[in-house]
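K.L.:
need coordinates for the below:
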Amino acid sequence: MPDKIKQTVEFLNLAGITDPEIGIVLGTGLGKLVDELEIIKSIDYADIPNFPLATVESHTGRLIYGLLHGKRILAMQGRFHYYEGYSLQEVTFPIRVMKSLGAKYLLLSNAAGAMNLSFKKGNLMLIDDHISLLPDNPLRGRNLDEYGSRFPDMSQPYSNVLNNKLMEVARRENIVLHKGVYVSVMGPNLETRAEYRMYRNFADAVGMSTVPEVIVANHMDLPCAAVSVLTDECDPDHLEPAKIEDILEIAGKAEKHLIRLFSGLIQEL
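P.N.:
Next up is the predicted model:
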């Protein structure tokens, strides 16, 4: 993998992508933040050596390099998931590339189901901690000593500094921003009523991404923060069939708040 990372970094450097300050991963239905950027370079994943392809319909599959509030931003317009058939090393490969290019911070977003019944669809949730129920770990195998230690600490996986700044921005901008625990599952099917009952005993929201990227960011000492857009209310006693069209619609409506939140944070970094 180190050779592949170096090859990809060299390709992106030659393409004009140099020294990004902030990496961003944009999840399901959340790609419009790039409209706020002064775009310098846009590259399809298919044209980047060693990058997987985004196979989920709502994930555009482009790497965007540009400026926002004078900061150099490298944004993934669409991410990769374990359920697509990729290994977790492949899923997190772009995070290692971002760090190797020079990124100092990582911001992540996702669409998730709200299991805390005080949270409503369309709200945002700042991830304060997580639980992984994925069947693998991106650090499994030989440790990449040049990137981090064999046993990285996870006592504070999400940066307190970034989280506090996000809460400040939310208060200033009058954005509803809950704080909670996110549980990551394999997918791609949504959960049964019994699974929601079990998961809500230890988490506030459920989704199918983000945790592998956060593990790798911590492995490399890359401070990160993550925000979930809550696209459906997962009440097992009043559960209705979920439709991807409805999930994308809710994500699209809430995206403007996420953009203001991330934009406000970037301005302060």
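
K.L.:
what sits up against the longest helix that the chain contains?
P.N.:
When the chain is parsed with DSSP state H, its longest helix is helix 244-268. With contacts defined as C-beta atoms under 8 Å, 6 or more residues apart in numbering, helix 244-268 is touched by 22, 24, 28-30, 32-33, 36, 58, 68-69, 71, 73, 107, 109, 111, 121-124, 162, 165-166, 169-170, 172-173, 175-177, 225, 227, 229-232. Quick note: C-beta positions are derived from backbone N, CA and C, even for glycine.

K.L.:
just say helix, strand or coil for the one residue sitting closest to the centre of the chain.
P.N.:
For the chain, the residue sitting closest to the mean C-alpha position, by C-alpha atoms, centre = their mean, is L108 at 3.0 Å. Assigned with DSSP: H, G, I helix; E, B strand; the rest coil, L108 falls in the strand class.

K.L.:
re earlier: so for the longest helix of the chain, what gets flagged as buried?
P.N.:
Buried residues in helix 244-268, counting neighbours by 16 or more other C-beta atoms under 10 Å, are found at 247-248, 250-252, 254-255, 257-262, 264-266.

K.L.:
and what of stretch 177-193?
P.N.:
L177, H178, G180, V181, Y182, V183, S184, V185, G187, L190, E191.

K.L.:
any chance of the residues you listed in TSV, with secondary structure, distance to E213 and pLDDT too?
P.N.:
Shown next, in TSV, are these (DSSP: H, G, I helix; E, B strand; the rest coil; distance: C-beta to C-beta, whole Å; pLDDT from 0 to 100):
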residue	secondary structure	distance to E213	pLDDT
L177	strand	20	97
H178	strand	21	98
G180	strand	18	98
V181	strand	17	98
Y182	strand	12	98
V183	strand	15	98
S184	strand	10	98
V185	coil	15	98
G187	coil	15	93
L190	coil	21	92
E191	coil	21	95
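
K.L.:
let me know the closest of those to V211.
P.N.:
Taking C-beta to C-beta as the measure, V211 sits nearest to S184 out of the buried residues of stretch 177-193, at 3.9 Å.

K.L.:
mind listing what that closest one touches?
P.N.:
Residues near S184 by C-beta under 8 Å, 6+ apart: H130, I131, S132, L133, L134, V206, G207, M208, S209, T210, V211, P212.

K.L.:
for E233, what are its contacts?
P.N.:
G113, A114, L117, F119, K120, K121.

K.L.:
and it, how far is that from N50?
P.N.:
Distance check for E233 against N50: by C-beta to C-beta, to the nearest Å, it reads 39 Å.

K.L.:
surely I131 touches D204?
P.N.:
No - I131 is beyond contact range of D204, at 10.6 Å (criterion: C-beta atoms under 8 Å).

K.L.:
pull the most distant pair out of the contacts of S184.
P.N.:
Greatest spatial distance in the contacts of S184: V206 and P212, 15.3 Å, computed using C-beta to C-beta.

K.L.:
alright, that wraps it up for me.
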